[in-house]
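> After the sequence you'll find the predicted model.
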Amino acid sequence: MLQQKRKSKVFSHSVSNLGTYLGAIKNERKHIYLTLIGGGVFGNRKSSIHEAIIKAHLRWGNNVESKLEKVSLVLFSSSDIYEPFARDLKAQGIPFKWIEYRDGQPVVILSNPATPKQG
């Protein structure tokens, strides 16, 4: 029963990301915002949430019908993100910029710029 609840929570997060990406594609959005929905009271591990975000992005982020140019992951605390997530984004070739705001000013913590596609 516990395993079924765990799968259900991870599935809910995956569906949330799927809906966000598909809605953006359908409505020709250039920018979407994601959150770490599924954590907190739902009890999903951060690593599971991050994996679901990466999976959704790899599947839908570069869809031929997509107009997406930017995906923002909104966090409320720097403890919500951790180094393995940045490592996994880099490993998948997903460009990112990790920005924290200090005294109202953006500070780049880590980045992985987009690389031109070969072809």
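It's in.
> ok, so what distance separates K26 from I94?
In this view, K26 and I94 are 22 Å apart by CB to CB, to the nearest Å. Every C-beta, even on glycine, is put in place using the N, C-alpha and C of the backbone.
> between the two, who's got more neighbours?
Taking other CB atoms under 10 Å, K26 and I94 do not tie; I94 has more neighbours (18 against 10).
> SS state for the more buried one?
Secondary structure state of I94, per DSSP: H, G, I helix; E, B strand; the rest coil, is coil.
> Can you tell me the element the residue nearest the centre of the chain falls in?
The structure's the chain has its C-alpha centroid closest to I53; by CA atoms, centre = their mean the separation is 3.9 Å. For I53, the host element (DSSP states H and E) is helix 46-60.
> ok, and for that helix, which residues are buried?
K46, S48, I49, H50, E51, A52, I53, I54, A56, H57, W60 (16 or more other CB atoms under 10 Å).
> cool, and stretch 94-103?
By neighbour count with 16+ other CB under 10 Å, stretch 94-103 contains the buried residues I94, F96, W98.
> Residues touching that stretch, excluding its own?
Stretch 94-103 has contacts (CB atoms under 8 Å, 6 or more residues apart in numbering) with 54, 57-58, 61, 78, 81, 86, 89, 106-115.
> Of those residues, which belong to helices?
I54, H57, L58, A86, L89 (DSSP state H).
> and the least confident of those residues?
Lowest pLDDT within those is found at A86 (88).
> ok, it to D103 distance?
Distance, A86 to D103, using CB to CB: 23 Å.
> just the buried members of the contacts of stretch 94-103?
Applying 16+ other CB under 10 Å to the contacts of stretch 94-103 flags I54, H57, G61, I81, A86, L89, N112 as buried.
> Now for the first one: which residues touch it?
To tie it back to what came earlier, the one meant is I54. Shown in contact with I54 (CB under 8 Å, 6+ apart): D88, L89, Q92, I94.
> one more time with 10 Å
Listed by CB atoms under 10 Å, 6 or more residues apart in numbering, the contact partners of I54 are N17, G61, F85, D88, L89, A91, Q92, I94.
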